[in-house]
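A.B. asks: Take a look and give me a structure for this.
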Amino acid sequence: MTVERVQAWLKAGSALVILAGLAYAFAAFQPTAGLAALLDDIAAWPPDGAQAMADGEARLVGGVLGGVMVGWGTMLWLLAAKLYPSQPELTRTIILVGVGAWFVVDSLASFVAGAPLNIVLNIVFAGVFAIPLLMARQTR
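C.D. replies: This next block holds a predicted model:
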């Protein structure tokens, strides 16, 4: 897999993180909390409208989570754009360890919270980063 193709995959994944982060950041403001509530409702399958982001604490957590996700997505984008071409092994290690740590904690929390579908979504999301990085390693 070429450097450019790996970068494209990583940037697409980074953009996904940023967009999800913005959806949650906008949840801090009640009139724009609908998308985050919908995402939560899907993750807590089956969708039943129970995840409304109605109280202030949920919106606060959503806003903070959104900010962290936007920052993480931006960092991933910069790793792909600036570091990967010159130091692919270092970039691969940083991203895979970071995504792996997120995956374990998020999936365990999802299981405990009774949202097993979120684990499936986490597998897909982690694959967006892991697959191109592992494929690139095999072609070197």
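A.B. asks: for the protein, what are the low-confidence residue spans?
C.D. replies: Applying pLDDT under 70 to the chain flags the ranges 54, 138-140.
A.B. asks: so which helix or strand takes in the residue nearest the centre of it?
C.D. replies: Centroid-nearest residue in the chain, with CA atoms, centre = their mean: residue 17, separated by 4.3 Å. In this assignment (DSSP states H and E), residue 17 forms part of helix 3-25.
A.B. asks: Using CSV, write down the CA coordinates of that helix.
C.D. replies: Only the C-alpha atoms of helix 3-25 are listed here, as CSV (Å, rounded to 0.1, in the frame of the first residue of the first chain):
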residue,chain,number,x,y,z
VAL,A,3,2.2,6.2,1.4
GLU,A,4,-0.4,8.3,-0.3
ARG,A,5,-3.1,5.6,0.0
VAL,A,6,-2.3,5.1,3.7
GLN,A,7,-2.4,8.8,4.2
ALA,A,8,-5.8,9.0,2.5
TRP,A,9,-7.3,6.3,4.7
LEU,A,10,-5.9,7.9,7.8
LYS,A,11,-7.1,11.3,6.8
ALA,A,12,-10.6,9.9,6.1
GLY,A,13,-10.7,8.2,9.5
SER,A,14,-9.5,11.5,11.1
ALA,A,15,-12.2,13.4,9.4
LEU,A,16,-14.7,10.9,10.7
VAL,A,17,-13.4,11.5,14.3
ILE,A,18,-13.6,15.2,13.8
LEU,A,19,-17.2,15.1,12.4
ALA,A,20,-18.4,12.9,15.3
GLY,A,21,-16.6,15.2,17.7
LEU,A,22,-18.4,18.2,16.3
ALA,A,23,-21.7,16.4,16.6
TYR,A,24,-21.1,15.8,20.2
ALA,A,25,-19.7,19.3,20.8
